[in-house]
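Undergrad: coords please:
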Amino acid sequence: MSSQSQLFEPLQIRGVSLPNRLVISPMCQYSADDGLANDWHLAHLGKLAQGGAAVVFTEAVAVQRRGRITHGDLGIWADAQAQALAGIARFISSMGSVPAIQLAHAGRKASMQRPWHGNGPLDDSDRARGDEPWPVVGPSAIALGEGWLVPSEMTQAEIAQVVEDFAAAARRADNAGFGIAEVHAAHGYLAASFLSPISNHRTDIYGGDRAGRSRMLLETAEAVRAAWPHDKPLFVRVSAVDGAPQGWSLEDTVALAKDLKGLGVDVIDCSSGGILGSATAAKGPPPQPGFQVPYAQAVKEETGLMTQAVGFVLTPHQAEDIVAKGQADLVAIGREALDDPNWPLHAALALDADQAWEHWPVQYGWWLSRRAKVLQALRETTTTA
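TA: Next up is the predicted model:
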């Protein structure tokens with residue numbers, strides 16, 4: 001390889017070898033039926049795997065039925081759901097990418113409408129479509145906002161059950177062929193809502209100070225690490241900051257990451273926000289490109305853990321700079337890949353990391369390499385004419 005691109009340098013995490021540093025971030029599709037993956041998910045994740053990223057994540061996959069965000073969420077609380085995902089994991093692997101799964105519980109942000117139906121709590125219009133609301137749970141009986149469902153405060157027995165269900169989901173994911181697991185502890189969902197003093201007003205061992213509010217996530221990470229094979233990496237996605245007064249802070253995240261490191265977590269996936277609403281459709285001024293990268297850099301520098309940067313990474317050179325400057329070990333893209341499923345392959349071309357179209361699936365690269373020669377000949381003819 002003639003390029004000095006660090007974005008396309010391999011990375012070893014435990015027993016998993018990544019060919020480059022690009023990751024397809026989890027993106028909910030809201031298109032499952034009773035948690036079961038279908039042809040949409042195969043086509044969606046399959047074309048992203050063809051696009052050349054080292055890792056392709058599923059969307060958030062619920063570990064309990066009541067942990068879904070919407071009726072259309074994927075689930076892995078039953079063996080049949082894992083079986084439905086197994087073929088997708090196989091195809092991702094066949095494309096040279098590592099299949100990854102994000103394990104999740106929506107907590108008080110469950111029982112929501114699909115975004116194109118309003119992106120709010122389920123209501124009578126959803127009942128007419130057959131989408132009945134269901135009771136939601138959280139660390140405290142505090143609703144997300146006015147008009148949202150008030151969660152029931154979880155008992156310690158219910159917390160223990162969620163922890164066990166995360167571990168059971170990890171075992172199913174392993175059997176389904178996934179190579180990386182991520183615990184979703186961001187964006188105001190269940191684990192994040194335990195972390196934040198905005199949503200956690202408990203006075204027992206799962207509330208109070210930072211240590212108490214972190215307990216649920218730490219128990220979950222410990223249980224998942226024990227259930228997940230030693231040679232497979234474990235990620236945790238966090239909202240590095242709540243972005244709200246008196247909320248979870250970057251200092252809190254660094255302390256949490258040190259605890260997670262001690263439990264065998266390999267990568268901290270640094271996002272932000274979501275405790276008071278949507279993390280991806282928040283009001284206010286538009287974010288700047290790479291606005292969350294400093295969170296990944298701070299966690300990496302202060303803990304020694306690998307980190308993943310995500311959020312408004314728009315160009316190959318921007319992604320290259322993040323890795324080259326040591327701000328993060330991995331760079332995740334989401335909606336850019338929806339717009340261009342071949343974004344990682346185009347990035348390799350732009351950074352001179354693949355001058356011979358060898359990164360492309362052979363079925364495509366064979367044609368495109370010859371097309372490139374024809375286009376180059378046309379350019380030379382035009383220049384000399």
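
Undergrad: what about the helices in the protein?
TA: For the chain, the helices defined by DSSP state H occupy 39-50, 79-94, 124-128, 156-175, 190-195, 210-227, 250-262, 293-303, 316-324, 335-339, 343-350, 362-384.

Undergrad: chain center to the first one: distance?
TA: It stands for helix 39-50. Relative to the chain's own centre, helix 39-50 is displaced by 16 Å; criterion: CA atoms, centre = their mean, to the nearest Å.

Undergrad: name the residues that touch it?
TA: In this structure, residues lying in contact with helix 39-50 by CB atoms under 8 Å, 6 or more residues apart in numbering are 24, 29, 31-32, 56, 58, 74, 85, 87-88, 91-92, 95-97, 99, 337, 341-342, 361, 364. For every residue, glycine as well, the C-beta is placed using N, CA and C.

Undergrad: what of the second one?
TA: Defining contact as CB under 8 Å, 6+ apart, one finds that helix 79-94 is touched by 35-38, 41-42, 45-46, 49, 56, 58, 61, 74-76, 98-99, 101, 172-173, 175-179.

Undergrad: next one: the fifth one
TA: Contacting residues not belonging to helix 190-195 are listed as 67, 104-109, 137-139, 162, 183-186, 199-200, 206, 213-217, 220, 238-239, 248, 252, 256, 274-275 [CB under 8 Å, 6+ apart].

Undergrad: quick check on those: which are buried?
TA: By neighbour count, with 16 or more other CB atoms under 10 Å, these hold 67, 104-109, 137-139, 162, 183-186, 199-200, 206, 213-217, 220, 238-239, 248, 252, 256, 274-275 as buried.

Undergrad: for the spatially closest residue to Leu368 that is not a sequence neighbour, what are phi and psi?
TA: Closest residue to Leu368 apart from its sequence neighbours, by CB to CB, 6 or more residues apart in numbering: Trp357 at 5.4 Å. Note on Trp357: backbone dihedrals following degrees, to the nearest 10 are phi 60, psi 30.

Undergrad: ok, now how distant is Trp357 from Trp367?
TA: 9 Å (CB to CB, to the nearest Å).

Undergrad: what of Pro229?
TA: Per CB to CB, Pro229 is found 39 Å from Trp367.

Undergrad: more crowded one of those two?
TA: Pro229 (15 against 12; other CB atoms under 10 Å).

Undergrad: quick one: that one and Arg171 touch, right?
TA: No: at 9.7 Å, Pro229 does not count as touching Arg171 under the criterion of CB atoms under 8 Å.

Undergrad: buried members of the contacts of helix 39-50 into PyMOL, please.
TA: Those of these that count as buried under 16+ other CB under 10 Å are selected in PyMOL with:
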select buried, resi 24+29+31+32+56+58+74+85+88+91+92+95+97+99+337+341+342+361
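
Undergrad: for the closest residue to His184 other than its chain neighbours, give me its contacts.
TA: Once flanking residues are discounted, His184 sits nearest to Ala104: 3.8 Å by CB to CB, 6+ apart. Ala104 is in contact with Ala60, Val61, Ala62, Val63, Gly67, His184, Tyr189, Leu190, counting by CB under 8 Å, 6+ apart.

Undergrad: beta partners for Ala104?
TA: Ala62 (DSSP bridges).

Undergrad: equivalent analysis for Cys270, please.
TA: Beta-bridge partners, per DSSP bridges, of Cys270: Val238, Ala309.

Undergrad: neighbours of it, how many?
TA: Other residues lying near Cys270 total 31 when counted by other CB under 10 Å.

Undergrad: same check, this time on the one 3 residues further on
TA: By other CB under 10 Å, 24 other residues sit near Gly273.

Undergrad: so it sits against Gly243, correct?
TA: Yes: Gly273 lies in contact with Gly243 (CB under 8 Å); the separation is 4.7 Å.

Undergrad: ok, Thr155 to Gly207 distance?
TA: The value you get for Thr155 to Gly207, if CB to CB is used, is 13 Å.
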